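[1] task: produce atomic coordinates for the following.
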Amino acid sequence: MNIFYFIQDESDDRFHNIKMESWIEVEVVYNSTGSGKSYKRLEEINFHAATDLKSFECASLKISFGKDDCMGHHAKNRKDFLKAKLDESFRNYTQVDRERYEALRSKFFRIHDEQRCINFDTIPKKQEYNIRVLS
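    All right, here's what the predicted structure looks like:
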């Protein structure tokens with residue numbers, strides 16, 4: 001069984017916008033066509049945050065994981081699976097090794113631990129501007 005790691009990085013100078021996925025390849029036996037491969041997602045992480053959280057507070061970390069997750073992929077062999085995941089015109093994923101994947105995941109958790117939730121004490125109690133609605 002092989003595990004594949006993918007990163008989709010759509011970050012720019014203002015925001016980090018990164019999606020990560022890990023998938024496991026398992027052997028299966030099909031009644032009509034014999035044996036083949038099946039692909040199950042192990043983990044999906046979506047991370048979005050301002051590049052400077054001190055001056056612009058905006059962050060989101062969403063995680064879905066499980067060794068028994070039921071999210072699968074339609075591919076029946078490794079060639080088709082990698083072609084579908086790495087198709088730049090559709091998904092823009094990059095395949096990475098486990099070390100890079102885990103290092104990036106640890107970085108996201110570290111950022112999340114430092115800036116876990118909004119600090120309500122930093123919210124101004126008085127609005128300093130007017131909003132005009134044109135009708």
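
[2] next helix or strand past the helix or strand harbouring residue 24?
    According to DSSP states H and E, residue 24 maps onto strand 15-30. Using DSSP H and E, the helix or strand that follows strand 15-30 in sequence is strand 34-50.

[3] from the chain's centroid, how far away is that next one?
    Strand 34-50 sits 9 Å away from the centroid of its parent chain (CA atoms, centre = their mean, to the nearest Å).

[4] ok, and for it, which residues are buried?
    For strand 34-50, the neighbour count (16 or more other CB atoms under 10 Å) marks 37-49 as buried. Any C-beta I mention is one placed from the backbone N, CA and C, and that applies to glycine too.

[5] kindly report the same for stretch 70-89.
    For stretch 70-89, by 16+ other CB under 10 Å, it's 73, 75, 81, 82, 85.

[6] show me where the chain has strands.
    Using DSSP state E, the strands of the chain run over 2-9, 15-30, 34-50, 59-65, 72-73, 94-96.

[7] tell me, what residue is most central in this protein?
    Of all residues in the chain, the one closest to the mean position by CA atoms, centre = their mean is residue 19, 2.5 Å from it.

[8] quick one: contacts for the residue lying closest to it once chain neighbours are set aside?
    Nearest residue to residue 19, sequence neighbours excluded (CB to CB, 6 or more residues apart in numbering): residue 8, at 4.3 Å. By CB atoms under 8 Å, 6 or more residues apart in numbering, the residues touching residue 8 are 18, 19, 20, 91, 92, 93, 94.

[9] quick one: contacts for the closest residue to residue 10 other than its chain neighbours?
    Of all residues beyond its chain neighbours, the one nearest residue 10 is residue 17 (4.5 Å), with distances taken as CB to CB, 6+ apart. By CB under 8 Å, 6+ apart, residue 17 lies in contact with 9, 10, 11, 47, 48.

[10] what residues of stretch 16-34 count as buried?
    In stretch 16-34, counting by 16+ other CB under 10 Å, buried: 16, 18, 19, 20, 21, 22, 23, 24, 25.
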